[in-house]
Each structure stands twice: as structure tokens, then as C-alpha cells.
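Asks: predicted structure and sequence below. I'll ask about it afterward.
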Amino acid sequence: MTEGPQQPGRQPETPRAGATERGGFIAVLMSLAGVALFPIGVVLSIMAVRTGRQARRRAAANQAVAPGATAGVIIGWFGIAFSTLAVISIALFWSETESYMACNEGANTITAQTHCRNALEADLEQRLGRPITLPF
């Protein structure tokens with residue numbers, strides 16, 4: 001019997017026993033690293049999405065499974081969104097961020113660090129025109 005389009009009522013073929021596409025696992029690792037490592041997170045997350053999609057395509061073509069490929073794509077998209085939002089936030093509030101980093105470099109005590117945090121909150125409140133409470 002020749003391979004062709006699926007006939008109505010016919011079950012799709014199951015993956016071959018033991019056939020596994022390993023790209024899904026790599027996609028998950030890259031996507032998790034992309035979320036965790038901010039400066040290069042966008043690049044790692046884009047690579048994770050691409051690797052996950054390729055793994056799914058290869059698995060479908062070879063009638064195999066690609067464990068983690070879908071998770072890698074989803075987490076990769078989350079990493080892209082998170083990193084992009086962080087970059088935009090830093091760009092919008094660059095002067096406040098730079099001031100806070102400069103203050104924090106010389107802060108050797110908890111009191112000095114608290115002072116830097118309070119100064120950042122005051123700068124953000126002035127810029128946004130509403131009270132701000134930072135989560136850290």
C-alpha cells in the first residue's frame with residue numbers, strides 16, 4: 001500500500017518506537033537560559049524558538065517525537081517578551097537607572113543601599129507623577 005493523504009476513518013500513524021528528536025531538549029535549555037540571563041536573553045530566546053520549531057518539523061517528517069519542543073517555543077516567546085520589555089524599560093528610564101547604578105556602586109552598607117533605593121523611588125515618582133513602591 002502506498003503512502004498518501006489520510007483516508008477518512010483511518011488513524012494517523014504513531015511515532016516509531018524509540019524515534020526521538022533531541023532538539024526539543026536543547027530548545028528548553030536555551031529558552032530557560034534566555035529568561036534567566038538578561039543581557040543575552042533575547043538572542044537565546046530567539047534561538048530557542050527557532051530550535052523548537054525545527055525539532056517539531058523534523059519530528060513530524062520522521063514520524064518521531066520531540067519532547068520539550070513545544071515547551072521550548074512557548075518559554076522562548078516568553079523570554080523574548082520579557083527581555084524586550086526589560087530593554088524598553090531601561091531605555092525609557094535610562095537616567096534613573098544610571099543614577100541608581102552609580103549610587104549603588106559606592107553603597108557598602110545596607111543603609112547606603114536603602115538610600116539609593118529611596119532616591120530611585122523619588123526619581124521615578126517625579127518622572128511618572130505618582131507614588132512608586134519598588135518590589136526590591
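Replies: Received the coordinates, thanks.

Asks: Val35 touches Gly41, doesn't it?
Replies: Yes - using C-beta atoms under 8 Å, Val35 is in contact with Gly41, at 6.4 Å. (Each C-beta comes from the backbone N, C-alpha and C, glycine too.)

Asks: so which strand or helix has the closest residue to Arg22 other than its chain neighbours?
Replies: Using C-beta to C-beta, 6 or more residues apart in numbering and skipping the chain neighbours, the partner closest in space to Arg22 is Ala55 (7.6 Å). Using DSSP states H and E, Ala55 falls within helix 41-61.

Asks: buried set for that helix?
Replies: 41-42, 44-56, 58-59 (16 or more other C-beta atoms under 10 Å).

Asks: same question, stretch 112-128
Replies: Buried-residue list, stretch 112-128, by 16+ other C-beta under 10 Å: Cys116, Arg117, Leu120, Glu121, Asp123, Leu124.

Asks: how far away is the nearest residue in space to the third one that is not next to it in sequence from Ala122?
Replies: Same thing as Leu120. Distance criterion C-beta to C-beta, 6+ apart; nearest residue to Leu120, sequence neighbours excluded, is Tyr100 at 4.3 Å. In this view, Tyr100 and Ala122 are 11 Å apart by C-beta to C-beta, to the nearest Å.

Asks: for Arg57, same thing?
Replies: Taken as C-beta to C-beta, the span from Arg57 to Ala122 is 52 Å.

Asks: any common contacting residues for Val35 and Gly41?
Replies: Common neighbours of Val35 and Gly41, counting by C-beta atoms under 8 Å, 6 or more residues apart in numbering, are Gly79, Phe82.

Asks: endpoints of stretch 125-132, how far apart?
Replies: With C-alpha to C-alpha, to the nearest Å as the measure, the first residue of stretch 125-132 is 6 Å from its last.

Asks: quick one: residues in contact with that stretch.
Replies: With contacts defined as C-beta under 8 Å, 6+ apart, stretch 125-132 is touched by Phe93, Glu96, Glu121, Leu124.
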